[in-house]
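Chemist: output the structure for:
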Amino acid sequence: MTTQTLLDAKGVWKSFDDHAVLRGLDLEVRLHQAVVLIGASGSGKSTLLRCINGLESVDAGSIILDGDIEVTDPSIDLDKIRRRIGIVFQSYNLFPHMTVIDNVMLSPRKVTKTPAGQARDEAMELLRRFGLETKADEYPDRLSGGQAQRVAIVRALAMQPELMLFDEITSALDPLLVGEVLDAVRELKLGGLTIVMATHEMGFAREVADRVCFLKEGIVLEEGPPEQVFGDPMHEQTREFLARVLG
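Modeler: Next up, the predicted model:
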């Protein structure tokens with residue numbers, strides 16, 4: 001495993017009104033790693049991902065991408081960040097008035113000014129890669145939940161990000177559709193893409209993660225390889241959480 005740090009979050013604080021969601025959180029993500037965030041709802045997973053992508057500002061601390069871009073700098077060009085960090089949410093957020101291929105082409109056309117023909121060819125290649133080429137001219141309301149979520153992943157990949165963030169991307173899906181979305185993430189992991197993923201899918205976390213981070217009340221309480229965190233957790237609170245979610 002590479003030792004190059006792609007993302008380094010140090011002492012990150014984030015509050016909403018008087019409620020502190022992140023409380024001096026530290027997280028290091030190395031190139032080509034898959035880091036999986038686990039923890040109860042409200043532990044700070046989603047807020048952390050939104051801060052990494054610049055969708056939320058932080059109150060204190062720093063988030064550095066690839067050693068040279070400070071995401072937390074108020075003067076940073078957020079387009080510069082979002083060219084390098086993709087994010088997919090549990091709600092697909094596809095534009096309903098645009099076809100699948102137009103959804104995928106939009107950011108390359110608008111942000112990086114990719115010529116239309118090139119953007120379309122690259123979009124079709126991505127759709128083929130994820131078994132969606134026959135849906136290129138469909139509108140989002142004609143897709144299953146699993147197909148829509150895979151299109152959302154493809155749309156994020158169209159910007160060729162160095163880092164992908166996944167925020168509970170299967171939680172809104174019918175259980176029968178979860179597998180096809182997780183298969184897409186699994187393929188990205190095997191291809192070497194650096195991933196940070198918040199999920200309640202513990203079996204998937206155990207299989208795919210290089211490191212698992214257990215968040216509790218806005219900090220990373222415990223982290224380590226999945227066999228250690230799931231098999232022999234150090235903290236009682238980690239054991240209690242896993243006992244609840246694993247039954």
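
Chemist: got the confidence number for the most centrally placed residue in the chain?
Modeler: In the chain, the residue lying closest to the centroid (Cα atoms, centre = their mean) is residue 165, at 1.6 Å. pLDDT, residue 165: 97.

Chemist: ok, the one 4 residues further on next?
Modeler: Residue 169 carries a pLDDT value of 92.

Chemist: per-residue confidence at the closest residue in space to it that isn't next to it in sequence?
Modeler: Using Cβ to Cβ, 6 or more residues apart in numbering and skipping the chain neighbours, the partner closest in space to residue 169 is residue 88 (5.3 Å). Where you see a C-beta, it was placed from the backbone N, CA and C, and this is true even at glycine. Looking at residue 88, its pLDDT is 94.

Chemist: residue 88: neighbour count?
Modeler: 26 (other Cβ atoms under 10 Å).

Chemist: I'd guessed it sits against residue 149; true?
Modeler: Yes - using Cβ atoms under 8 Å, residue 88 is in contact with residue 149, at 7.4 Å.

Chemist: identify the contacts common to those two.
Modeler: By Cβ atoms under 8 Å, 6 or more residues apart in numbering, residue 88 and residue 149 have these common neighbours: residue 169.

Chemist: for my notes, confirm the residue nearest to the centre of the chain occurs in a strand.
Modeler: Yes - counting by DSSP: H, G, I helix; E, B strand; the rest coil, residue 165 is found in a strand.

Chemist: what's it in contact with, if anything?
Modeler: Counting by Cβ under 8 Å, 6+ apart, residue 165 has contacts 49, 52-53, 85-88, 195-197.

Chemist: report the spatially nearest residue to it, omitting neighbours in sequence.
Modeler: Using Cβ to Cβ, 6+ apart, the closest residue to residue 165 is residue 87 (4.2 Å).

Chemist: for the one you found, which three-state class applies?
Modeler: strand.

Chemist: so how far is the worst-scoring helix or strand of the chain on mean pLDDT off the chain centroid?
Modeler: In the chain, no helix or strand scores lower on mean pLDDT, DSSP states H and E than helix 78-82, which sits at a mean of 81. Relative to its parent chain, helix 78-82 has a centroid offset of 15 Å by Cα atoms, centre = their mean, to the nearest Å.

Chemist: residues touching it, excluding its own?
Modeler: Outside of helix 78-82, the residues within contact range by Cβ under 8 Å, 6+ apart are 53-54, 65, 69, 71, 111, 159.

Chemist: please give the element, helix or strand, for the residue lying farthest from the centre of the chain.
Modeler: Residue farthest from the centre of the chain, counting by Cα atoms, centre = their mean, is residue 117 at 28.6 Å. If you go by DSSP states H and E, residue 117 is part of helix 116-129.

Chemist: contacts only, for the residue nearest to residue 169.
Modeler: Here residue 88 is in contact with 149, 152-153, 156, 164-167, 169 (Cβ under 8 Å, 6+ apart).

Chemist: where's residue 17 relative to residue 59, distance?
Modeler: 12 Å (Cβ to Cβ, to the nearest Å).

Chemist: more neighbours, those two?
Modeler: Between residue 17 and residue 59, counted using other Cβ under 10 Å, residue 59 has the larger neighbour count: 15 against 5.

Chemist: any idea how far the more buried one lies from residue 28?
Modeler: When Cβ to Cβ is the yardstick, residue 59 and residue 28 sit 20 Å from each other.

Chemist: now for the top helix by length along the chain, which elements pack on it?
Modeler: In the chain, with assignment by DSSP state H, the single longest helix is helix 175-190. Judged by 3 or more Cβ pairs under 8 Å, 6 or more residues apart in numbering; DSSP states H and E, helix 175-190 is in contact with helix 145-157, strand 194-198, helix 202-208.
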